[in-house]
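Trainee: Here's a sequence, model it:
(one chain, ligands or ions: 1)
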Amino acid sequence: MKKLMIGNAAIARGAYEAGATVATAYPGTPSTEIVDSFSQYEGVYAEWSPNEKVALEVGAGASIAGARTLVAMKHVGVNVAADPLYSFSYTGVNGGLVLVSADDPGLHSSQNEQDNRGYGRFAKMPVIEPSDSQEALDYTKLAFDLSEQFDTMVMLRITMRLAHSQTMVKTGQKREIPLKDYKKNASKYVMLPGFAKRRHAEVEKSFEQLREYAETTPLNRVEMNDTSMGIITSGVPYQYVKEAFPDASILKLGLVNPLPKQLIKTFADQVDKLVVVEELEPVIEEQVRSWGIEVIGKEQFTLLGEYSSEFLLQQLSGIPMPQGFNLDQEIPARPPLLCAGCPHRGVFHVLRKMRLVVAGDIGCYTLGAIAPLEGMDSCICMGASIGTAMGMEKARGPEFAAKTVAVIGDSTFVHSGITGLIDVVYNGGTSTILILDNDTTAMTGHQDHPGTGVTITKQPTNKLDIEALVRAIGVKNLRVVDPLQINELEKVLKEELARREPSVIICARPCVLLPGTSKPDHKIYVDNELCNGCKSCIRIGCTGVTFLEEEKKAQINGGCIACGLCEQVCKFDAIKRTEV
Ligand SMILES: Cc1ncc(C[n+]2csc(CCOP(=O)(O)OP(=O)(O)O)c2C)c(N)n1
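Mentor: Numbers count the residues shown, from 1 in each chain. Modelled structure (predicted):
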């Protein structure tokens, strides 16, 4: 059957057709739809793991036990999973394991632009890059076969453009792949130094075989054409190359680690000028250069962001990018904002008002960093907030801690905040930590997590009791507040900051966009008689409130969901509620 599919759905389909029966993931743009789609197939097991390290460990266990297994994460998730990754690359697999790394050139929704082909090189792991949804499906299937043939996990590296673009896909039949036998094999799966030494030698041996395989695999193909220019490329940039230079000769690499040295040398000999087109790092270019082959690469292109066919034409042929191509020039900037009624807004309003130092974290609440709330001092990676606040305290002393808070979401707390809290309690920190519990992983599209009590397939399960967990860690001062009750929140914050002990304040209110979230039975309006245009309500940064410059009055617009925050910040009682 043929149908339009985004790359992520095609990968899920490929895994299903390859007979994978287990899939694990932690959500993260642009990878989230992969395991979500996989979970909808019959007869498979899929899970949202608490974080990427656990996802890969569960994947490794399933593979060792004999199942074909898919593990998916965004590029920075691979950093979290790097510890098991580097050991699992030594043990190898039983059932094939494909690890999808969804990279984000252009930082559409990430904190960095790292190029995860580098992991392939360091961990001696084959890396495959599809260029469209059909290849995403086909290469995923092939990746499972390769994984078992070469006894290694295989990385399928995609980028946002492939993950979320739709192209036609011909789907096939599911292959029935029986579970491989499980046999105890400690020298393969127990990474004691003595065993690991031998496994390292095995890895090097099988990587040499992969190098040979790279020379002949259909994953790498030469499209010989005009020989005045030859372009080596892979992944989505292949599409840009085809569009910009339809007459050029192309070496399209589907297997980007290891590279086919001989194939590349032969291709280079046949063309007058050799160019490597790859987004982000010069991974292919540097290897080609190291073999003494002259090549045009990053001196002509950029290490930053995504490419396009127009960009390639400009850089290689001097054809200027079309006028107005830069969309930023045409459309006013529209920075992302917290939704109207978002419970996080109350928190950041109070934090700014109290002029606190805020060690932040990653989630919807990171938007509290931008104007007009501007309530965040740092944000490093998921789970970093609590450790960062602890470091600030240890550097500057408890007085500094008395005006510092850490802010972390519920999904992020479970992902990697728990150990930071353990550190605070264990090493005598006095931090005040706000867990913003909106009962979902909102930022990536409302995925469930252990604290929501629901699985990926919407089955009820044990609901992690965050309060009990915090107490078990040893936090004696635990408060639960409604983050949209700002006076109460401010009072509680003052009390907890005054303590020379760790405190946790759980700001509990469900995400306003969650289905079933109760909506207020009143509406909000501005009493024009009382509004004096002070703009206090505008400074909460809510899309439900507009300021009419001519009239010098605030106005509640259709975006309002009557959360009542603006009503609370108005000192002149000009914002009122009416029964519906
Ligand atoms: C290592 C890593 N994995 C995944 C992501 C993607 N991501 C960013 S924030 C976030 C979780 C947000 O959920 P939560 O902490 O509950 O905050 P909310 O968005 O609900 O406010 C995820 C999955 C990431 N940035 N880094």
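Trainee: How about Gly305: what's its closest non-neighbour residue?
Mentor: In space, not counting the residues next to it along the chain, Gly305 is nearest to Gly106; the distance is 4.6 Å by CB to CB, 6 or more residues apart in numbering. C-beta: built from backbone N, CA, C; applies to glycine.
Trainee: now that neighbour: how far from Arg221?
Mentor: Taken as CB to CB, to the nearest Å, the spacing of Gly106 relative to Arg221 amounts to 27 Å.
Trainee: Mind listing what's buried along stretch 439-456?
Mentor: When neighbours are counted by 16 or more other CB atoms under 10 Å, the buried residues of stretch 439-456 are found to be 439-444, 446-452, 454-456.
Trainee: Tell me what the closest residue to the ligand within the chain is bridged to.
Mentor: In the chain, the residue found nearest to the ligand is Gly409; the distance is 2.1 Å by CB to the nearest ligand atom. Beta-bridge pairing of Gly409, defined through DSSP bridges, involves Leu436.
Trainee: For it, give its distance to Val358.
Mentor: Here the distance between Gly409 and Val358 works out to 14 Å (CB to CB).
Trainee: ok, the two, which is more surrounded?
Mentor: More crowded of Gly409 and Val358, by other CB atoms under 10 Å: Gly409, with 30 against 26.
Trainee: if I pick that one, what's in contact with it?
Mentor: Gly409 makes contacts with Asp361, Ile362, Gly363, Cys364, Tyr365, Ile435, Leu436, Asp437, Asn438, Thr441, Ala442, Met443, as judged by CB atoms under 8 Å, 6 or more residues apart in numbering.
Trainee: Go through these and flag which are in strands.
Mentor: Secondary structure of these is defined by DSSP state E; positions in strands are Ile435, Leu436, Asp437.
Trainee: what would those look like in a markdown table with neighbour count?
Mentor: As requested, these are exported to a markdown table (neighbours: other CB atoms under 10 Å):
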| residue | neighbour count |
| --- | --- |
| Ile435 | 26 |
| Leu436 | 30 |
| Asp437 | 24 |
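Trainee: among those, which are in reach of the ligand?
Mentor: Restricting those to those within reach of the ligand (CB under 6 Å from any ligand atom) leaves Leu436.
Trainee: Out of the ones in strands among the contacts of Gly409, the closest to Ser234 would be?
Mentor: Each of the ones in strands among the contacts of Gly409 was scored against Ser234 by CB to CB, and Leu436 proved nearest at 40.2 Å.
Trainee: Do I have it right that that closest one meets Val407?
Mentor: Yes. Applying CB atoms under 8 Å, one finds Leu436 in contact with Val407, separated by 6.4 Å.
Trainee: shared neighbours of those two, which are they?
Mentor: Both Leu436 and Val407 are in contact with Val347, Tyr365, where contact means CB under 8 Å, 6+ apart.
Trainee: Looking at Gly106 and Arg221, which one has more neighbours?
Mentor: Each of Gly106 and Arg221 has its neighbours counted (other CB under 10 Å); Gly106 has more, 17 against 12.
Trainee: Distance check, that one against Tyr238.
Mentor: Computed as CB to CB, the Gly106 to Tyr238 distance reads 17 Å.
Trainee: likewise Glu495?
Mentor: Distance, Glu495 to Tyr238, using CB to CB: 60 Å.
Trainee: So these two - more neighbours on which side?
Mentor: Remark: of Glu495 and Tyr238, Tyr238 carries more neighbours, 23 against 14, as counted by other CB under 10 Å.
Trainee: so that one makes contact with Ser131?
Mentor: Yes. In this structure Tyr238 lies within contact range of Ser131 using CB under 8 Å: 4.4 Å.
Trainee: what sits in contact with each of those two?
Mentor: Overlap between the neighbourhoods of Tyr238 and Ser131 consists of Lys252, taking contacts as CB under 8 Å, 6+ apart.
Trainee: Tell me how far the residue of the chain closest to the ligand lies from Val222.
Mentor: With the distance defined as CB to CB, Gly409 ends up 49 Å from Val222.
Trainee: Disregarding flanking residues, what is the spatial nearest neighbour of Ile293?
Mentor: Ala268 (4.9 Å).
Trainee: and that neighbour, what helix or strand is that in?
Mentor: Assigned by DSSP states H and E, Ala268 belongs to helix 261-270.
Trainee: Need the contact partners of that helix.
Mentor: Where contact means CB under 8 Å, 6+ apart, the residues beyond helix 261-270 that reach it are 211, 214-215, 220, 222, 224, 227, 230, 232, 249, 251, 274, 288, 291, 293-295.
Trainee: again, only this time at 10 Å
Mentor: Outside of helix 261-270, the residues that reach it under the criterion CB atoms under 10 Å, 6 or more residues apart in numbering are 211-212, 214-217, 220-222, 224, 227, 230-232, 249-251, 253, 260, 274, 276, 284, 287-288, 290-295.
Trainee: Next secondary structure after the lowest-mean-pLDDT helix or strand in the chain?
Mentor: Taking mean pLDDT, DSSP states H and E as the measure, the helices and strands of the chain show their lowest mean at helix 327-330, namely a mean of 62. Secondary structure here is assigned by DSSP H and E; on that basis, the next helix or strand after helix 327-330 toward the C-terminus is helix 343-353.
Trainee: Show me where the stretch 1-150 of the chain has its strands.
Mentor: With DSSP state E, counting those that start in this stretch, the ranges of strands along the stretch 1-150 of the chain come out as 2-6, 22-25, 45-48, 69-74, 97-103, 127-128.
Trainee: Burial-wise, tell me which of those comes out on top.
Mentor: Sort the strands of the stretch 1-150 of the chain by mean neighbour count, taking mean count of other CB atoms under 10 Å, and strand 69-74 sits at the top with a mean of 32.
Trainee: burial count for Asp272?
Mentor: Using other CB under 10 Å, Asp272 has 10 other residues around it.
Trainee: Excluding sequence neighbours, find me the nearest residue to it.
Mentor: Using CB to CB, 6+ apart and skipping residues adjacent in sequence, the residue nearest Asp272 is Ser228, 5.0 Å away.
Trainee: same question, Asn462
Mentor: Computed as CB to CB, 6+ apart, the closest residue to Asn462 that is not its neighbour in sequence is Gly453, at 6.8 Å.
Trainee: Now for the one you found: which residues touch it?
Mentor: Asp439, Gln459, Pro460, Thr461, Asn462, Lys463, Leu464, Asp465.
Trainee: Apply 8 Å and report the result again.
Mentor: Taking CB under 8 Å, 6+ apart as the test, what Gly453 contacts is Pro460, Thr461, Asn462, Lys463, Leu464.
Trainee: mind listing what the second one touches?
Mentor: Same thing as Thr461. Under the criterion of CB under 8 Å, 6+ apart, the contact list for Thr461 reads Gly453, Val454, Thr455.
Trainee: And it, how close does it get to His449?
Mentor: 11 Å.
Trainee: ditto for the fourth one
Mentor: With distances taken as CB to CB, Lys463 is found 10 Å from His449.
Trainee: same thing with the first one?
Mentor: Distance, Pro460 to His449, using CB to CB: 14 Å.
Trainee: The helix ranked longest in the chain versus helix 261-270: what angle between them?
Mentor: In the chain, with assignment by DSSP state H, the single longest helix is helix 193-216. Direction vectors for helix 193-216 and helix 261-270, defined by axes from the mean of the first three to the mean of the last three CA atoms, to 10 degrees, enclose an angle of 30 degrees.
Trainee: helices and strands around helix 193-216, which ones?
Mentor: Using 3 or more CB pairs under 8 Å, 6 or more residues apart in numbering; DSSP states H and E as the contact criterion, the secondary-structure elements in contact with helix 193-216 are helix 82-91, helix 186-189, helix 261-270.
Trainee: and if we set it to 10 Å?
Mentor: Other elements packing on helix 193-216 under the criterion 3 or more CB pairs under 10 Å, 6 or more residues apart in numbering; DSSP states H and E are helix 82-91, helix 133-149, helix 186-189, strand 255-257, helix 261-270.
Trainee: and Met376, how many residues sit next to it?
Mentor: Residue crowding around Met376 was assessed by other CB under 10 Å; the count is 22.
Trainee: give me the element it is part of.
Mentor: In this structure, Met376 sits in neither a helix nor a strand according to DSSP H and E.
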